[in-house]
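Peer 1: show me the folded form of this:
(chains A and B, ligands or ions: 1)
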Amino acid sequence: MGMTITEKILAAHAGKKRVVPGELITARVDVALGNDITAPIAIDEFTAIGAKCVFDRDRVVLVPDHFTPNKDILSAMQVKKVREFAKAQGLTHWYEGGEAGVEHVLLPEKGIVVPGDLVIGADSHTCTYGALGAFATGVGSTDLAAAMATGEVWLKVPETLKFVFHGKLAPWVEGKDLILHIIGDIGVDGALYMAMEFTGEAIEALSMAGRFTMANMAIEAGGKNGICTPDEKTREYVKNRALRKPVYYASDPDAAYARIIEYDAAKIEPTVAFPHLPENTRPISQVGDVTIHQAVIGSCTNGRIEDLRTAASVLKGRKAHPDVRLIVIPTTPAVYRQAMDEGLLATFLDAGAVIGPPTCGPCLGGHMGILAEGERAVATTNRNFVGRMGHPKSEVYLANPAVAAASAVAGKLAGPEDL
Amino acid sequence: MESDKGKAFRFGDDVDTDLIIAARYLNTSDPAVLASHCMEDADPSFAGKVRAGDVIVAGKNFGCGSSREHAPIAIKAAGVRCVIAKSFARIFFRNAFNMGLPILECPDADEIADGHEVEVDFDRGEIRNLTTGKVHQAMPIPPFMQELVAAGGLMAHVKKKLAESSPSC
Ligand code: SF4
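Peer 2: Numbers count the residues shown, from 1 in each chain, chains lettered A, B, ... in the order given. Just a heads-up that it's a prediction; the model follows:
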């Protein structure tokens, strides 16, 4: 019996020939990540047990991105603690100010995570890096503290769900719609404790950005990790970035899966998740009349340069509806600069957008775009839980960048073809 | 572990970490502050009503969403003895064990209603509903995780390990 790509990476990091689902392993981590919310707790725990130094100063990565630039005194105190720790430990990867970006866009962009890696991060969307053909999963601060001290993590080997997308994507359909479609199909716990492997012609046709979007939202289906098989596009992406030597894994043809779920990609429309769960999906043709007050384009799900290009292509020559606040957040300094060089920022400004600095910002209701009672936002983010973007009685509709941009113009949920 | 009784506070399916502790309070990790906002967006009166020893009972996928350990910290600091649910989201599950908040996966969690008085026996994984008189069996806790709990959580485990290997910078 063969192994899946997830099992192969886990076995390699546990120093074993093979692992089987359900097995508890102790594995070596290539990268351990924390942010301004989760690292402070991890640092306290690390210090409390008398640990002196991190296991490897090149592999513990700390990125303050949630409430930064610091929104208030308490957040500033949290970042200060993380900064002092990073400096004292001499961490190679500490990013702040004009170098900071949304962690899950920044790490692949800088080549800190490479194919074949085992990555844990005290942030649930750490699963994003699976797009590179790495095993990456979100953990808590205590796990991060332990990994910072030992370079190891305990893991249960997950079963794998395989998703096969046959055929070609319809216009304006992208990774976001495929993953929302999956979540709508299997539910927010449909992949609980499991690996989600994305394959098929439509996945091969996706850009790396689209694959990052899909792996990013594995957690919204309850998944442990999302993963794509590395191919030429992956090699091209990591070619001039990888800080370490990538290892390319692929599932064996006779690997065992808990279930194989197949879709006809051509039948999938741009998809919107209605409040208050990512599984409440509807194709754009069936969203009805939903007035919106804010549109947010950004986040680790859809704030990459490809996403901004798509949004700009819809907004070009158009203006946001007078009752809609359009907020665009390039996710890293490199994305920001590229958007500037390509003239996308001018398009956004002309459309009446506010352009934020690279930050998580409104994605988690942190700052820079909080919703009031009764307000509705369309967002390219990944969660639409109660109160996620502000007031408990506000609403978030999840969509791809083209739909978010079109909705900003229309003043209500709309696809680019409705304009 | 001790067994004791408390009142059940009942929540539904897919209780997410934003409901357990909203992101607007994540600029601190002070347990007392977090406890005072525990479950706020699901039931604003929860933090005021819950007493030490009470239990949270929920449906499937409890704790889905973010990796924030502030969620189990808030619950623990609010005095909640344990969380009983049909299933747990995986990061919440890890976090709870790593930091010593007892959780029980119980297929019959739906039979425990708001206000029921329950008694929990962790060693046997038994939940006794004193209001209905029924006894429910929770899923067994894997041996490795029992060891973690016995060691006093993950960090105590790591501390022991570090002491054995005595690394230097
Ligand atoms: S952009 Fe949103 S989902 Fe991504 S790391 Fe930041 S807060 Fe989390």
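Peer 1: hang on, A:Thr381 packs against A:Val396?
Peer 2: Yes - counting by C-beta atoms under 8 Å, A:Thr381 does reach A:Val396; the two are 7.3 Å apart. C-beta: built from backbone N, CA, C; applies to glycine.
Peer 1: contact partners for residue 7?
Peer 2: Since you didn't name a chain, this refers to chain A. If you count contacts by C-beta atoms under 8 Å, 6 or more residues apart in numbering or on different chains, A:Glu7 has them with A:Arg18, A:Val19, A:Val20, A:Pro21, A:Val157, A:Thr160, A:Ala255.
Peer 1: actually it's chain B I care about, not the one you picked
Peer 2: Counting by C-beta under 8 Å, 6+ apart, B:Lys7 makes contact with B:Arg51, B:Asp54, B:Val55, B:Gly115, B:His116, B:Glu117, B:Val118.
Peer 1: try it again with 6 Å
Peer 2: Applying C-beta atoms under 6 Å, 6 or more residues apart in numbering or on different chains, we find B:Lys7 in contact with B:Asp54, B:Glu117.
Peer 1: in the sheet, who's paired with it?
Peer 2: Residues in a beta bridge with B:Lys7, per DSSP bridges, are B:Glu117.
Peer 1: if we can go back for a sec, filter the contacts of A:Glu7 to the buried ones?
Peer 2: Buried by 16 or more other C-beta atoms under 10 Å in any protein chain shown: A:Val19, A:Pro21, A:Val157, A:Thr160, A:Ala255, out of those.
Peer 1: closest to A:Met1 among the residues you listed?
Peer 2: Nearest to A:Met1, judged by C-beta to C-beta, of those is A:Ala255 at 7.5 Å.
Peer 1: what's the distance between the closest one and A:Pro21?
Peer 2: 11 Å (C-beta to C-beta, to the nearest Å).
Peer 1: among the buried ones among the contacts of A:Glu7, which are in strands?
Peer 2: Counting by DSSP state E, the buried ones among the contacts of A:Glu7 place A:Thr160 in strands.
Peer 1: which one's more surrounded, A:Thr381 and A:Val396?
Peer 2: Shown here are A:Thr381 and A:Val396; by other C-beta atoms under 10 Å in any protein chain shown, A:Val396 has more neighbours (32 against 29).
Peer 1: which SS class is the more buried one?
Peer 2: Per DSSP: H, G, I helix; E, B strand; the rest coil, the secondary structure class of A:Val396 is strand.
Peer 1: please save the CA atoms from stretch A:246-261 in CSV.
Peer 2: Provided in CSV are the C-alpha atoms of stretch A:246-261 (Å, rounded to 0.1, in the frame of the first residue of the first chain):
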residue,chain,number,x,y,z
PRO,A,246,12.9,21.9,-1.5
VAL,A,247,11.9,18.2,-1.5
TYR,A,248,9.1,17.3,-3.9
TYR,A,249,6.7,14.7,-2.8
ALA,A,250,3.6,13.2,-4.5
SER,A,251,1.0,10.7,-3.5
ASP,A,252,1.5,7.1,-4.6
PRO,A,253,-1.1,5.9,-7.1
ASP,A,254,-2.2,3.2,-4.6
ALA,A,255,-2.3,5.5,-1.6
ALA,A,256,-5.4,5.0,0.6
TYR,A,257,-8.0,7.7,1.0
ALA,A,258,-10.8,8.1,3.5
ARG,A,259,-12.9,9.3,0.5
ILE,A,260,-12.4,10.6,-3.0
ILE,A,261,-14.8,13.4,-4.0
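Peer 1: quick one: least confident helix or strand in chain B?
Peer 2: helix B:143-151 (a mean of 78; mean pLDDT, DSSP states H and E).
Peer 1: any idea how far it is from the chain center?
Peer 2: Taking the mean of its C-alpha atoms, helix B:143-151 sits 16 Å from the chain's own mean (C-alpha atoms, centre = their mean, to the nearest Å).
Peer 1: okay if I get the contacts of A:Glu7 as JSON lines plus pLDDT and distance to A:Phe348?
Peer 2: What follows is the contacts of A:Glu7, written out as JSON lines (pLDDT from 0 to 100; distance: C-beta to C-beta, whole Å):
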{"residue": "A:Arg18", "pLDDT": "96", "distance to A:Phe348": "50"}
{"residue": "A:Val19", "pLDDT": "96", "distance to A:Phe348": "47"}
{"residue": "A:Val20", "pLDDT": "95", "distance to A:Phe348": "50"}
{"residue": "A:Pro21", "pLDDT": "95", "distance to A:Phe348": "46"}
{"residue": "A:Val157", "pLDDT": "96", "distance to A:Phe348": "45"}
{"residue": "A:Thr160", "pLDDT": "98", "distance to A:Phe348": "40"}
{"residue": "A:Ala255", "pLDDT": "98", "distance to A:Phe348": "44"}
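Peer 1: could you single out the nearest of the residues you listed to the ligand?
Peer 2: A:Thr160 (23.8 Å; C-beta to the nearest ligand atom).
Peer 1: any idea what the closest one is bridged to?
Peer 2: Applying DSSP bridges to A:Thr160 yields these beta-bridge partners: A:Ala195.
Peer 1: for it, which residues are in contact?
Peer 2: So A:Thr160 contacts A:Thr4, A:Thr6, A:Ala195, A:Glu197, A:Tyr257 (C-beta under 6 Å, 6+ apart).
Peer 1: if I look at the second one, how far off is B:Ala150?
Peer 2: According to C-beta to C-beta, A:Thr6 and B:Ala150 sit 30 Å apart.
Peer 1: okay, those two: which has more neighbours?
Peer 2: More crowded of A:Thr6 and B:Ala150, by other C-beta under 10 Å: A:Thr6, with 28 against 11.
Peer 1: tell me the secondary structure for the more buried one?
Peer 2: The three-state assignment at A:Thr6 reads helix, by three-state DSSP.
Peer 1: quick one: contacts of the host helix or strand of A:Ala145?
Peer 2: Assigned by DSSP states H and E, A:Ala145 belongs to helix A:141-150. The contact list for helix A:141-150 (C-beta under 6 Å, 6+ apart) reads A:29, A:32, A:34, A:38, A:41-42, A:45-46, A:51, A:54, A:60, A:120, A:122, A:153, B:69, B:98-99, B:154, B:158.
Peer 1: SS state for residue 128?
Peer 2: Just so you know, I chose chain A. Applying three-state DSSP: A:Thr128 is helix.
Peer 1: wait, chain B was what I had in mind.
Peer 2: strand.
Peer 1: who are the contact partners of the closest residue to it other than its chain neighbours?
Peer 2: Spatially, and ignoring its direct neighbours in sequence, B:Arg128 is nearest to B:Glu119 (4.4 Å; C-beta to C-beta, 6 or more residues apart in numbering or on different chains). Contact analysis of B:Glu119 by C-beta under 6 Å, 6+ apart lists B:Lys5, B:Arg128, B:Leu130.
Peer 1: helix or strand for the residue lying closest to B:Val80 once chain neighbours are set aside, which one?
Peer 2: Spatial nearest neighbour of B:Val80, chain neighbours left out: B:Ile56 (5.5 Å); criterion: C-beta to C-beta, 6+ apart. For B:Ile56, the host element (DSSP H and E) is strand B:55-58.
Peer 1: can you list the low-confidence ranges for chain B?
Peer 2: Low-confidence segments of chain B, defined by pLDDT under 70, span residues B:1-3, B:166-169.
Peer 1: quick one, helices of it?
Peer 2: Per DSSP state H, chain B carries helices over the ranges B:17-20, B:31-36, B:46-49, B:70-77, B:90-99, B:143-151, B:154-165.
Peer 1: any residue of the helix or strand that contains A:Thr301 up close to chain B?
Peer 2: Using DSSP H and E, A:Thr301 sits in helix A:299-302. No - using C-beta under 6 Å from any C-beta of the partner chain, helix A:299-302 stays clear of chain B, coming no nearer than 12.4 Å.
Peer 1: give me the residues contacting that helix.
Peer 2: Contacts for helix A:299-302 (C-beta under 6 Å, 6+ apart): A:102, A:104-105, A:125, A:128, A:176, A:213, A:216, A:363, A:380-382, A:401.
Peer 1: centre of the chain to it, how far?
Peer 2: Remark: helix A:299-302 is offset 5 Å from the chain centroid, using C-alpha atoms, centre = their mean.
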